[in-house]
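**Student:** Sharing a model prediction with you, sequence too.
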Amino acid sequence: MIKIKPIKITGSWKLGYFLDYHTIKSDFSHYDEFGHHRFNNEHTEMGKLLYQLKYKSDKSVIPEIVDTVTYFIREKAWKIDFIIPVPPNNINRKVKPSIDVAKGISDSLGIPFCDDCIRKIKETSQIKNVNDYNERIMILEGSYRTDRNKVLDKRVLLIDDLYR
């Protein structure tokens, strides 16, 4: 199990955490042959695993991520009715980290997995490079629909791969 530094986050929910930063440091390296910026990045332990999963399609890291997350959840002794992945922005991506990790957590904890509780209903541009919070909110506005009949009065664990 890897070391994490959970950080509480606030929002329109009762309780939220992200388990660690993805990137600790990022320095510009060069422009590639297509004129894109390239960076030398330093990741946390969790960040390295998520990078391998999301960008290198390395599913071998899923058990270590799942073990770390389930240990954290067990320590908190939360009562959870459903585990729900945030639908991926890029549906064509070969590996869908939020879904793969949420399924692993569901199996490990014996908590139902609900892959249709939240659906992506509107295409959005990639927001990973959008730093302005309000602009991110505007891009995502109306992009998802929640099946209220399934989640009303339920305690859900919402899983996403990266948090900004």
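**Tutor:** The structure has been received and is ready for your questions.
**Student:** Could you look up the SS state of residue 157?
**Tutor:** Reducing the assignment at residue 157 to three states with DSSP: H, G, I helix; E, B strand; the rest coil gives strand.
**Student:** Please tell me how far it sits from residue 129.
**Tutor:** Distance, residue 157 to residue 129, by CB to CB, to the nearest Å: 28 Å. C-beta coordinates here come from the backbone N, C-alpha and C atoms, glycine included.
**Student:** repeat for residue 15
**Tutor:** Applying CB to CB, the value for residue 15 to residue 129 is 29 Å.
**Student:** Please apply the same query to residue 121.
**Tutor:** Relative to residue 129, residue 121 is positioned 23 Å away (CB to CB).
**Student:** If you count surrounding residues, which of these two has more?
**Tutor:** More neighbours sit around residue 121 than around the other of residue 121 and residue 129, counting by other CB atoms under 10 Å; the figures are 10 against 7.
**Student:** quick one, what contacts that one?
**Tutor:** Contacts for residue 121 (CB atoms under 8 Å, 6 or more residues apart in numbering) come out as 142, 143, 144, 145.
**Student:** Just the element for residue 137, please.
**Tutor:** Under the assignment given by DSSP states H and E, the secondary-structure element containing residue 137 is helix 133-140.
**Student:** Just the C-alphas of that helix, formatted as CSV.
**Tutor:** Taking Å, rounded to 0.1, in the frame of the first residue of the first chain, the C-alpha atoms of helix 133-140 are listed here in CSV:
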residue,chain,number,x,y,z
TYR,A,133,-12.4,27.4,-11.5
ASN,A,134,-15.4,29.4,-12.8
GLU,A,135,-14.5,28.6,-16.4
ARG,A,136,-14.3,24.9,-15.5
ILE,A,137,-17.8,25.1,-13.9
MET,A,138,-19.2,26.8,-17.0
ILE,A,139,-17.7,24.1,-19.3
LEU,A,140,-19.2,21.3,-17.1
